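# Predicted model and sequence follow; I will ask about them next.
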Amino acid sequence: MANQTVFRLCVLTVAASVGVIATGPFGGKPHLVASGLLAILLLAVAAMMRHRVAYFSVLLFLASGGTGRLVKSNPAVAAMHEVIGPVLLSMACFLAVMAWTGTDTEVEDSGRPPLRSLARWAPPVILMQVFLGALYRHAFTGISLHVFGAMLAGALIMFAGISVMILPGIGKVLQRVSWALLGVTFLQFFFGIYAYLNRIAAEEAGTVAGVSHIAVSHIVTGGLTMGLSVVLALLVNRYVRPAEAVAA
């Protein structure tokens, strides 16, 4: 369903999702307000688009609210709860692309490996990395797995982003999305390293590291990275076609 009003509503839903992720670690009234706004927007998008992803996002939000009550008492639930936020953000990005009325030029996928494959693999790999990050923060795994996931996801994002920008005839929208994805990924790496060093310093000092804005920024940029990878994958699927499709 392509409609400017729906598209703007989806963009607001993306913004509300970011607000929920950003306020989640701190809790309190700001998180309740952001969550309430997101609930209203998700219901409105579901009513207007009548898309299965919109319906599922509402169900996932309800599940998130249910697990939110157990976050402080159950580390496993807390880890799963942290993953739900980026998934909801990605769903909002998906719906925004579905409602986007813009048109770009269709180009041939001349990349090796194919750009379509790179873009398709990016969201699940980033989801895996988000999950590994949540497991590390709640002490289920060490830092090694998270670092390995970061290197894998970072290499894939860089490869996909650069492949988009060097593809002959590629549209401006895809180029801008690629730049945004690369930029947010860089910020996420920076915040992640900074947060880890702060955590190590706190452990060496024998103190308990509280919720820092740097750590929250790392979580927020992780969600944005996943959301932008979904946008990139959808736009590549829409405008970058195999050679035989373009020739036909």
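That came in fine, so what should we check first?
# ok, P242 - how many residues close by?
By other C-beta atoms under 10 Å, the residues close to P242 number 13. Backbone N, C-alpha and C define where each C-beta goes, glycine included.
# Return the residues in contact with it.
108-109, 114, 116 (C-beta atoms under 8 Å, 6 or more residues apart in numbering).
# Now flag whichever of those residues is closest to G19.
Comparing the contacts of P242 against G19 with C-beta to C-beta places R116 closest, at 32.6 Å.
# Number of residues surrounding the closest one?
16.
# Now I84. Nearest residue, chain neighbours left out?
S64 (4.4 Å; C-beta to C-beta, 6 or more residues apart in numbering).
# Mind listing residues that contact the strand or helix carrying the one you found?
With secondary structure defined by DSSP states H and E, S64 is part of helix 52-68. Applying C-beta under 8 Å, 6+ apart, the external contacts of helix 52-68 come out as 35, 38-39, 42-43, 45-46, 77, 80-81, 84-85, 87-88, 91-92, 94-95, 98.
# show me the residues around V173 that make contact.
V173 neighbours (C-beta under 8 Å, 6+ apart): 102, 104, 235.
# How many residues are close by the first one?
As a burial measure, the neighbour count of G102 was computed by other C-beta under 10 Å and equals 11.
# Now it: closest residue in space, sequence neighbours ignored.
V173 (6.4 Å).
# mind checking which helix or strand the one you found is in?
Per DSSP H and E: helix 172-204 holds V173.
# Pull the distance from that helix to the chain's centre.
Chain-centre distance of helix 172-204: 13 Å, with C-alpha atoms, centre = their mean, to the nearest Å.
# all helices of the chain, in order?
4-23, 28-49, 52-68, 75-99, 115-137, 143-165, 172-204, 213-239, 243-247 (DSSP state H).
# Domain parsing of this protein, as residue ranges.
According to automatic domain parsing, the chain comprises the domains 1-102, 104-248.
# Reformat the ones you listed as a markdown table; add mean pLDDT.
Output for these, formatted as a markdown table (pLDDT from 0 to 100):
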| stretch | mean pLDDT |
| --- | --- |
| domain 1-102 | 89 |
| domain 104-248 | 87 |
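# just checking, L174 touches R238?
No. If you go by C-beta atoms under 8 Å, L174 and R238 don't touch, sitting 9.3 Å apart.
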